[in-house]
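In: The following block contains a protein sequence and its predicted model.
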Amino acid sequence: MNVIFFYIIAAAILGFSILSVTSRKILRAATFLLFVLISTAALYFLLQVHFLAAVQLMVYAGGIAVLIIFSILLTSNVDFTFEKIDWKKQLFSGLLALGGAAITILTLLQFNFKALIQPQTVTPDIRSFGRAFLSYGDGGFVLPFEVITVLLLAAMVAAIMVAKKSKQ
Amino acid sequence: MIEGIDITHILIVSTCMFFIGVYGFLVRRNLITILMATELILNAVSINFVVLNKFLYPNVLQGYMFSVFIIAIAAAEAAVAIAIIINVYRRYRTINVENVHEMKY
């Protein structure tokens, strides 16, 4: 059952990613990107990392996708269709991407992944995430957590400063 | 862990997603679509972190944490990038990378 679900999700991720980089209507591309992000959240649910799936749905699918769609509406004409990319650029970029993917996949298939079998396993639920975020002991993440809060505040202030109209 | 699914299958999916993002980054000319390709790349990397943590090191949380931080940084990056894109649009009336020659002043 899970196997079938995984292949459906994988097909959705790959298909919508390809559509999102090749679609010639910009709003459609953004919608396909939204589908990719939701499928990724579904993959996280399948891997039983529920907290991360919820964060993915909230921040990526709820926040970033909406932000991108708003900026598309602010900056471009919705009916506008991109002109065809010339075949040379398309060919070389495609070759580069295919070559990189081939090399990486060949390396992956040859590498022997060995799972670390240890008696104690952490269940990735919200409780353990919260503990790890705020603990300053071994395996704690309080410093990166604080740094990221300051970074988010700085990015928000910077976005407002850059995007606001200058008085002239 | 998903029963019956090898770790390499998920890694192949995320590799393909990453290189689709690279392809989009190279062929697109509109700034917003380039940003969308970057989001695809970041998303693929985040999947990699989660899968490697889940399958190989189930006794720690580090990979999930990196994924959470990637998501947060992607949000910050998208906000700043979109502010810059809106500013560029206001100045040049276009967001095509070929028409934006200079970003000074």
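Out: Thanks, I have the structure now. Residues are numbered from 1 along each chain as shown, chains lettered A, B, ... in the order given.
In: From here on, just use CA atoms for contacts and neighbour counts.
Out: Noted.
In: how about low-confidence regions in chain B?
Out: For chain B, applying pLDDT under 70 flags the ranges B:1-3, B:103-105.
In: which element is the closest residue to B:Phe19 other than its chain neighbours on?
Out: The spatial neighbour of B:Phe19 that comes closest, neighbours along the chain excluded (Cα to Cα, 6 or more residues apart in numbering or on different chains), is A:Ala97 at 5.2 Å. A:Ala97 is part of helix A:87-110 when elements are defined by DSSP states H and E.
In: Okay, helices next: where are they in chain A?
Out: A:2-22, A:26-46, A:50-55, A:65-75, A:87-110, A:126-134, A:142-163 (DSSP state H).
In: In TSV, list those helices along with distance to B:Val97 and mean pLDDT.
Out: Converted to TSV, the helices of chain A look like this (distance: least, Cα to Cα, whole Å; pLDDT from 0 to 100):
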stretch	distance to B:Val97	mean pLDDT
helix A:2-22	16	92
helix A:26-46	15	92
helix A:50-55	32	92
helix A:65-75	14	89
helix A:87-110	15	91
helix A:126-134	40	86
helix A:142-163	19	91
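In: for chain B, longest helix please?
Out: Longest helix in chain B by number of residues, with DSSP H as the criterion: helix B:62-92.
In: Now do the buried residues in that one.
Out: Neighbour counts over helix B:62-92 (16 or more other Cα atoms under 10 Å in any protein chain shown) mark B:62-89 as buried.
In: Report the contact partners of the residue nearest the centre of chain A.
Out: Among the residues of chain A, A:Leu37 comes closest to the average C-alpha position under Cα atoms, centre = their mean, at 5.9 Å. A:Leu37 is in contact with A:Gln56, A:Leu57, A:Tyr60, A:Ala61, B:Asn43, counting by Cα atoms under 8 Å, 6 or more residues apart in numbering or on different chains.
In: Go again with 7 Å.
Out: When contacts are counted by Cα atoms under 7 Å, 6 or more residues apart in numbering or on different chains, A:Leu37 touches A:Tyr60, A:Ala61.
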